[in-house]
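Engineer: sequence first, then the predicted structure, then my questions.
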Amino acid sequence: MAKKVTPYKDSELGKKEQVTKMFDTISGSYDGLNRVISFGIDVKWRKRVVALVKKENPKSVLDIATGTGDLAIQLVQTGADKIVGLDISPGMLAVGKTKVNEKGLDNTVEMLVGDSEALAFEDGSFDAATVAFGVRNFENLEKGLSEIYRVLKPGGTLVVLETSVPTKTPFKQGYRFYTRYILPQIGKIFSKDRSAYAYLSESASVFPYGKEFNNILGKIGFIAMENRPQTFGVATIYIARK
C-alpha cells in the first residue's frame, strides 16, 4: 500500500484537489524543469514507452496523467488513429493543447480534463493505456488502476513509467542525496510553488515499485506483468496486459 503523501501538509483539501492545484501552479515551468531535474533522460524513457506501445499496433491509446502532453504527442509514432490525453489539471492541459495545435495534431490527439479514478469512457474503449510519472499522484491507487483495467479492451496493454528508488550502492545513496537536498532547491529556484518539488521527491521515495507494484497490478486483474528498471533504477517501466 502506497503511503499517502500530499503537496500541502497544512491544507484541508484532499490529495486530488491538492495535486490539481500544484500542477496548475507549476504548469508553465513544468517542461523545462523536467529536462533539468532528469538531465534530459526522461525523453529517452518516454521513447522506450512509445516503442513498447507501438509493438501492439494500437488503434486507440489513452494517456492518463498526460500533463503537458509530451507522451501523448510522441504516441502518434505508434500509428494509432486516436490518442486521448487525460489530466486532472486544466493548467497543464492548456500547455499541452497549445503544443498539440502547434504540431498540427488536433485530429489525432485529443486533450481532456478528467479524473483517472472515474474515467468517462465505456468498458473496453482502448487498445492501450499509458501513464508517465502519474500513478503516484492517484489519491486511490487501486481505484485508478481498476479504472484503467476497465477501459482497456481484452488483451489490451498498460505501460507505466514511474520513478523508483535504486537498490544498489552507490546509486541508492546518490539518488537519496539528490532527491532530498538538490531537487527541492531546484524547485525553489525555478518554480513559484516551493512545496511542489519537495512533494514530487517525497512521493517518489515512498511509492511502491518493482515487484511490489507488479503485485498491485496482479491484484487488479492484470497479467503478464514486467518491470524494467531504467538508468540504475531511478525509474521503472511496467508492462501489463488485460
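Structural biologist: Arrived safely, thanks for sending. Numbers count the residues shown, from 1 in each chain.

Engineer: other residues contacting the helix or strand harbouring Val100?
Structural biologist: In this structure, Val100 is located in helix 90-102 according to DSSP states H and E. With contact meaning C-beta atoms under 8 Å, 6 or more residues apart in numbering, helix 90-102 is reached by 23-25, 27-28, 30-31, 66-69, 72-73, 85, 87, 106, 109, 111-113. C-beta here means a position set from N, CA and C on the backbone, and glycine is covered the same way.

Engineer: 6 Å - rerun?
Structural biologist: 23-24, 27, 67-69, 87, 109, 111, 113 (C-beta atoms under 6 Å, 6 or more residues apart in numbering).

Engineer: ok, of the residues you listed, which one's closest to Pro229?
Structural biologist: Nearest to Pro229 among those, counting by C-beta to C-beta, is Gly67 at 22.6 Å.

Engineer: what does the pLDDT read for that closest one?
Structural biologist: Looking at Gly67, its pLDDT stands at 94.

Engineer: tell me the contacts of it?
Structural biologist: Contacts of Gly67 by C-beta under 6 Å, 6+ apart are 87, 92.

Engineer: so for the longest strand along the chain, what gets flagged as buried?
Structural biologist: In the chain, taking DSSP state E as the definition, the longest strand is strand 152-163. For strand 152-163, burial by neighbour count (16 or more other C-beta atoms under 10 Å) applies to 152-153, 156-163.

Engineer: any idea how far the closest residue in space to Pro58 that isn't next to it in sequence is from Ser60?
Structural biologist: Leaving aside its sequence neighbours, Pro58 sits nearest to Asp127 (C-beta to C-beta, 6 or more residues apart in numbering; 3.7 Å). Noted for Asp127: a distance of 5 Å to Ser60, by C-beta to C-beta, to the nearest Å.
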